[in-house]
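Student: got a sequence here, can you model it:
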Amino acid sequence: STNRTIEPSIVGSIVDCKNIGDVIVETPHIEAAAGGIVGRHSGGSTIKHVTNKGNVKAVLTSGTNIYGGGITGQVDGATIHSGENHGDVNVIGVSGEETNAMSGGIVGYAINDSEIHQATNSGVATGSMAANCFNGGIVGYSKSDDGSVVYDCCSNEGLPAKWVGNATDENDFIDKTEHTHE
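Tutor: Okay, here's the model as predicted:
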């Protein structure tokens with residue numbers, strides 16, 4: 001197996017694609033993200049009509065933060081409008097006081113006004129080794145205080161049953177207001 005380093009970048013819209021292979025990322029970076037469709041999804045772009053059937057494994061060998069998701073490891077100021085994940089997501093951090101491992105059936109870490117609509121997860125999201133592990137059926141960790149939203153048009157048939165790993169109850173971080181879908 002060959003290890004590759006992929007630097008973060010702004011990703012354009014990703015539409016109508018499918019991944020059936022396993023994704024394995026092992027990295028010593030301070031912060032890293034791995035996903036079944038894309039590692040980081042950012043810059044106002046959109047992911048639409050995508051399917052992941054492969055397992056995602058993200059391993060941090062040193063550093064602080066690791067994110068893994070069935071669709072994307074991190075969504076930053078971008079939107080997911082329909083996506084299906086059928087693979088398992090396993091995120092392994094490193095020990096230390098302020099380390100984070102975030103694993104989600106759809107997204108590992110959602111920040112900066114990100115939106116997740118009509119996403120379906122049937123996989124299992126797990127995380128381990130870090131001081132702070134957040135695992136969710138839809139999103140591992142969502143920064144709702146910065147405007148990131150997981151809408152109730154999503155569906156979680158996988159594990160954990162809790163939609164958002166850092167939610168204080170099963171309904172936190174889910175916007176139940178009416179909205180349109182593209």
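Student: what mean pLDDT does the one helix or strand M102 maps to have?
Tutor: Assigned by DSSP states H and E, M102 belongs to strand 100-104. Average pLDDT, strand 100-104: 97.
Student: residues contacting that strand, please?
Tutor: 58, 60, 64-70, 89-93, 108-109, 121, 125-141, 165 (Cβ atoms under 8 Å, 6 or more residues apart in numbering). The way it works is simple: take the backbone N, C-alpha and C, and place the C-beta from them, glycine included.
Student: can you rerun that using 6 Å?
Tutor: The contact list for strand 100-104 (Cβ atoms under 6 Å, 6 or more residues apart in numbering) reads 65-69, 89, 91, 93, 108-109, 125-127, 130, 132-136, 139-141.
Student: bridged to Y141, which residues?
Tutor: When bridges are called by DSSP bridges, Y141 pairs up with Y109.
Student: and it, how many neighbours?
Tutor: Using other Cβ atoms under 10 Å, Y141 has 29 neighbouring residues.
Student: okay, it: pLDDT?
Tutor: 94.
Student: so it sits right up against N166, yeah?
Tutor: Yes. With contacts counted by Cβ atoms under 6 Å, Y141 reaches N166, the gap being 4.8 Å.
Student: now the common contact residues for these two.
Tutor: F134.
Student: which stretches of this structure aren't confidently modelled?
Tutor: 1-12, 169-182 (pLDDT under 70).
Student: tell me the centre residue of it?
Tutor: V107 (1.6 Å; Cα atoms, centre = their mean).
Student: from memory it sits against V75, does it?
Tutor: Yes. V107 lies in contact with V75 (Cβ under 6 Å); the separation is 5.0 Å.
Student: if we can go back for a sec, quick one: the residue nearest to the centre of the chain from D76, how far?
Tutor: Using Cβ to Cβ, to the nearest Å, V107 is found at 10 Å from D76.
Student: gap between the residue nearest to the centre of the chain and G96?
Tutor: For V107, the distance to G96 equals 24 Å [Cβ to Cβ].
Student: try I71
Tutor: Using Cβ to Cβ, one obtains 28 Å as the distance from I71 to G96.
Student: neighbour count: those two, which is higher?
Tutor: I71 (33 against 13).
Student: residues near the closest residue to that one other than its chain neighbours, how many?
Tutor: In space, and not counting its chain neighbours, I71 is closest to G83: 4.5 Å by Cβ to Cβ, 6 or more residues apart in numbering. G83 sits with 28 neighbouring residues when counted by other Cβ under 10 Å.
Student: where's G83, which helix or strand?
Tutor: G83 belongs to strand 79-85 when elements are defined using DSSP H and E.
Student: which other helices and strands contact that strand?
Tutor: strand 46-52, strand 115-121 (3 or more Cβ pairs under 6 Å, 6 or more residues apart in numbering; DSSP states H and E).
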